[in-house]
Structure formats: C-alpha cells, structure tokens
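**Q** Here's a sequence, model it:
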Amino acid sequence: MQYLDGNVLAGDLATVFGADLTGMIASCAFCRTRAAIAELRVYRTAMGTVGRCPTCGEALVVVAAHGSGPMASLTGLRALVPFE
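**A** Numbers count the residues shown, from 1 in each chain. So this is what the prediction gives:
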C-alpha cells in the first residue's frame, strides 16, 4: 500500500485541535523515535487515516469521521512538543 507524508493530516488535525500540528515533534510511544508529524507515513482507508512511525511502523495518529467532523486519537504518541 502506498503511503503519503504527514502533511495530509493538517486539515483534520487543525479541525480537531484548532491549530496546525504538522510542525510539532511527535515522540513514538513504542520505539521513542522523534519526528515531525509531517514525517509520519500516512495511510488512508475507507475507515479512516492512520499516521505511522517512520521507524517502527506503529500507529501514532488515527483520524476517523465522527458525526459532524473528524475525531483524532493520539494514543501512539509518547509526547507531542513544538520544534526546539
């Protein structure tokens, strides 16, 4: 399956959180890799969009349709911090 970069998450994450998170640094809860949200490998399916760690491939961000807008789960993130 072909993946996209994390920039495709910008619109949905901005709708949910009120800000563009693609420049934020995500720390993977599984392998502790630190990478910008924009660097995630994103896969789109009929069920939603999944942003995976570029190192270990675990799901860090999941976005799915919910009622009037998107719903996001960030359970694969250990931390989310601004660029230093």
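**Q** C-alpha from now on. contacts and neighbour counts both.
**A** OK.
**Q** so where does A65 fall, helix or strand?
**A** In the assignment (DSSP states H and E), A65 maps to strand 59-66.
**Q** So which elements touch the helix or strand following that strand?
**A** The C-terminal neighbour of strand 59-66 among helices and strands, as given by DSSP H and E, is strand 69-73. Packing contacts for strand 69-73, counted by 3 or more Cα pairs under 8 Å, 6 or more residues apart in numbering; DSSP states H and E, involve helix 10-17, strand 59-66.
**Q** let's see it at 10 Å
**A** On a contact count with 3 or more Cα pairs under 10 Å, 6 or more residues apart in numbering; DSSP states H and E, strand 69-73 meets helix 10-17, strand 48-52, strand 59-66.
**Q** now the shortest one against strand 59-66, angle please.
**A** So that's strand 48-52. Counting by axes from the mean of the first three to the mean of the last three Cα atoms, to 10 degrees, strand 48-52 points 170 degrees away from the direction of strand 59-66.
**Q** what about this structure, any weak spots by pLDDT?
**A** Within the chain, no stretch has pLDDT under 70.
**Q** center of this protein, which residue is that?
**A** By Cα atoms, centre = their mean, the mean C-alpha position of the chain lies nearest to V61, the distance being 3.6 Å.
**Q** wait, doesn't that one sit right on C53?
**A** Yes. Using Cα atoms under 10 Å, V61 is in contact with C53, at 9.1 Å.
**Q** anything in contact with each of the two?
**A** A26, I37, L40, V42, G76, L77 (Cα atoms under 10 Å, 6 or more residues apart in numbering).
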